[in-house]
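Peer 1: Sequence first, predicted model second:
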Amino acid sequence: MSVLRAERITRILPGEVPVTLVADADVAIERGEFVVIRGPSGSGKSSLLYLLGLLDRPTSGRLLLDGEDTSGFDEDRLAETRLRKLGFVFQFHFLLNEFSARDNVMMPMRRLGALDAEAQSQRAMQLLRDLGLGGHEHKRPSQLSGGQRQRVAIARALANDPLVILADEPTGALDTRSGENVRSILRELATSQGRSIIAVSHDLHFASAADRQIEIVDGRIVPPAPAN
Amino acid sequence: MNLYVDIALSHLRSRRRQTIVSLLGVVLGVAFFLAVSALMRGSERDLIERLVDTAPHITVYDEFRAARPQPATMLYPDGAVAIRGVKPRAERRGIRQYKQKLATIDAIDGVQAAPVLVGQAIFSFAGRDEAVTLSGIVPARMRGVSRIEEDIVAGSIDAVDANPNGIIIGEALARKLSLSMGDTVNVVSPAGNVRTMKIVGLFRTGNASYDESQTFAQLTRVQALMNRPNVANMIIIRLRDAYPAREVAAYIEQATGYKSVSWQEASKDLLDALTVRNVIMYTVVGAILLVACFGIYNVISTVVLEKTRDIAILKSMGFHARDIRLIFTIEGALIGLGGSVLGCGLGSAMMQGIAQVTIKPPGSVDAITLPVYWGADQFALAVAFALLSAIVAAWLPARKGGRVQPVDILRGAA
């Protein structure tokens, strides 16, 4: 059974001239699979990612996460599902500047409340150490480099042990070395931890690390070329 | 620390200067609320205390609240009976069988009563005539219902019993007529009787007109002087607790038939004016706090605007819209709470300062300090009002924050 399955999802922005962001997209993501969504600027890559990440609602079609149809979910249920089952990494790290690296990682755990404060802190420290940020736990985002911030964001995405991690241009704002580091971390998460990773990128090198690539043009998924 | 409080504090710290200005607004609002309220309510309580202390709690007069019904009206209660030109029966003034009425009143728990015969008289001394009010009293009973004994500065209230020709006058009247203790004075009643009486006591209440016009003598002596033996025209009553006076007066009126007026009824105009004054006072000080809370609205609106990206991040993480609303409402509540605590401190200092001020109002003999009310209820009211206003002021931008759609912000950022 696919961890995440989108069936003919379409997203149309209403207005005087309705804009179709995504049209009739069928996507199935398996457990431990690393999938990269590729396409030119404005092709609808991020829009598809937001739909798959339950940040946006499809105009039509349905989306099943862990076998559960999310079509009828209200805003609170969607938020709760994001909290428990999904993790996000954005192009611009999007950390809370007033909090330390550890506190940022603890944020989703504190909201979920499944662990006590001590256990949350220990898990956050461990995640940061695992991502090579040992010794930086108490630094604020402004005291970290771009690559370090992105690794904190990955640690935060992993905080509640999600089924799927969604990453929107995770290396887009990083230098080559940091980008490479993030690429290998995501690859490793899929391979050794069995997490499903969906990343948007127009970087071919980054995409080459994926198990599968989905190409999207003008909101439509381009069918894969038949194998010879 | 609670997650929401933690985030709220981080937001407030990020707008430190604006937060401090908003906080100061609430501090000043609460402090002025307290200072004005303490002064107003202090003066109100002082006034009521004086009313309750100096005037009888209930006065039974020798009159009826409504004219007696005519026999024809009593015979045909539902009939269309109209009687015109009725001449009321001439009745002797005074409370009939006042001693029995007094016994009825004495039977009520927590009540002390004293019969009084009040009339006008002329003091004639050294060629000068002075109109005074002469009250015939029973000292043993008067002691329980009046503060006159506490106001006596020379002699004693019992002296009118020891010397039936004794009279107690105000110190101001004595000074006006150059009288002193032991002097004798001619007292002329409206009935034409003249009696030479001896000054056996002097009192000072601080109320100049009262001290110049009020005099006291033994009840039987005044009855004789006024040609009204065995008559009292007033029963004055003091209650252990002054506040149920209205209900007790209604019971006494029903039991005796005579008009019984509680201190609340007697001072109704004044009490109504105090209520109006309180409404005006609370409207003004409430407005000060409301204006202060505009500062909170301003700072929370700015934070919501500045933190739109953070809201989007939190919502993408799984925070609900209500979590976001709660965070910003907590920010308002924190400013309201901090402002209230500091405002209570500043307000208390201002109240202390006001309590040190002494003034001598016109008509008063002694200088008085400004009365300040220290009741916990006004502190609670100020804090509750400040908190409520702060929460409402924060709630409006908080709702806006809760409506932020993360995808709109993330699309913009990308």
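Peer 2: Structure's in. What do you need?

Peer 1: so residue B:400 touches residue B:302, yeah?
Peer 2: No: here residue B:400 does not reach residue B:302: they are 11.8 Å apart, not a contact under CB atoms under 8 Å. Where C-beta positions appear, they are placed from N, C-alpha and C, glycine not excepted.

Peer 1: which of those two has more neighbours?
Peer 2: The residue with more neighbours, out of residue B:400 and residue B:302 and counting by other CB atoms under 10 Å in any protein chain shown, is residue B:400; that gives 17 against 14.

Peer 1: need the contact list for residue B:259.
Peer 2: Residue B:259 sits next to B:60-61, B:63-65, B:253 when contact means CB atoms under 8 Å, 6 or more residues apart in numbering or on different chains.

Peer 1: That one and residue B:221: what is the separation?
Peer 2: Residue B:259 is 27 Å from residue B:221, where distance means CB to CB, to the nearest Å.

Peer 1: Does residue A:157 belong to a helix, a strand or coil?
Peer 2: Local secondary structure at residue A:157 is given as helix here, using DSSP: H, G, I helix; E, B strand; the rest coil.

Peer 1: So for it, what's the nearest residue that isn't a sequence neighbour?
Peer 2: Among residues not flanking residue A:157 along the chain, residue A:87 sits closest, at 3.1 Å (CB to CB, 6 or more residues apart in numbering or on different chains).

Peer 1: buried set for the strand or helix carrying residue B:28?
Peer 2: Counting by DSSP states H and E, the secondary-structure element that holds residue B:28 is helix B:16-54. For helix B:16-54, the buried set under the neighbour-count rule, 16 or more other CB atoms under 10 Å in any protein chain shown, comprises B:18-19, B:22-23, B:25-45, B:48, B:51-52, B:54.

Peer 1: Surely residue B:178 is in contact with residue B:128?
Peer 2: No: with contact taken as CB under 8 Å, residue B:178 and residue B:128 are classed as non-touching, separated by 9.1 Å.

Peer 1: what residues are up against the residue nearest to the spatial centre of chain A?
Peer 2: Nearest residue to the geometric centre of chain A (CA atoms, centre = their mean): residue A:166, 1.2 Å. For residue A:166, the contacting residues are A:49, A:52-53, A:86-89, A:198-199, taking CB under 8 Å, 6+ apart as the criterion.

Peer 1: same thing but 10 Å
Peer 2: Applying CB atoms under 10 Å, 6 or more residues apart in numbering or on different chains to residue A:166 gives the contacts A:4, A:29, A:37, A:49-50, A:52-55, A:82, A:86-90, A:157, A:196-200, B:316.

Peer 1: pLDDT value on it, please?
Peer 2: Note on residue A:166: pLDDT of 94.

Peer 1: got the phi/psi numbers for it?
Peer 2: The main-chain torsion angles of residue A:166 are listed as degrees, to the nearest 10 and equal phi -110, psi 130.

Peer 1: which non-adjacent residue is nearest it?
Peer 2: residue A:53 (4.3 Å).

Peer 1: Quickly find the element holding the closest residue to chain B within chain A.
Peer 2: Proximity to chain B, evaluated over chain A using CB to the nearest CB, is greatest for residue A:83 at 2.4 Å. Element membership for residue A:83 (DSSP H and E) is helix A:75-85.

Peer 1: Check which element follows that helix along the chain.
Peer 2: For helix A:75-85, the succeeding helix or strand toward the C-terminus, using DSSP H and E, is strand A:86-89.

Peer 1: Can I get that next one in PDB, CA atoms only?
Peer 2: Output for strand A:86-89, consisting of C-alpha atoms alone and laid out as PDB, is shown next (Å, rounded to 0.1, in the frame of the first residue of the first chain):
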ATOM      1  CA  LEU A  86       4.300  14.900   7.800                       C
ATOM      2  CA  GLY A  87       7.400  17.000   8.000                       C
ATOM      3  CA  PHE A  88       8.300  20.000   5.900                       C
ATOM      4  CA  VAL A  89      11.600  21.500   4.700                       C
END
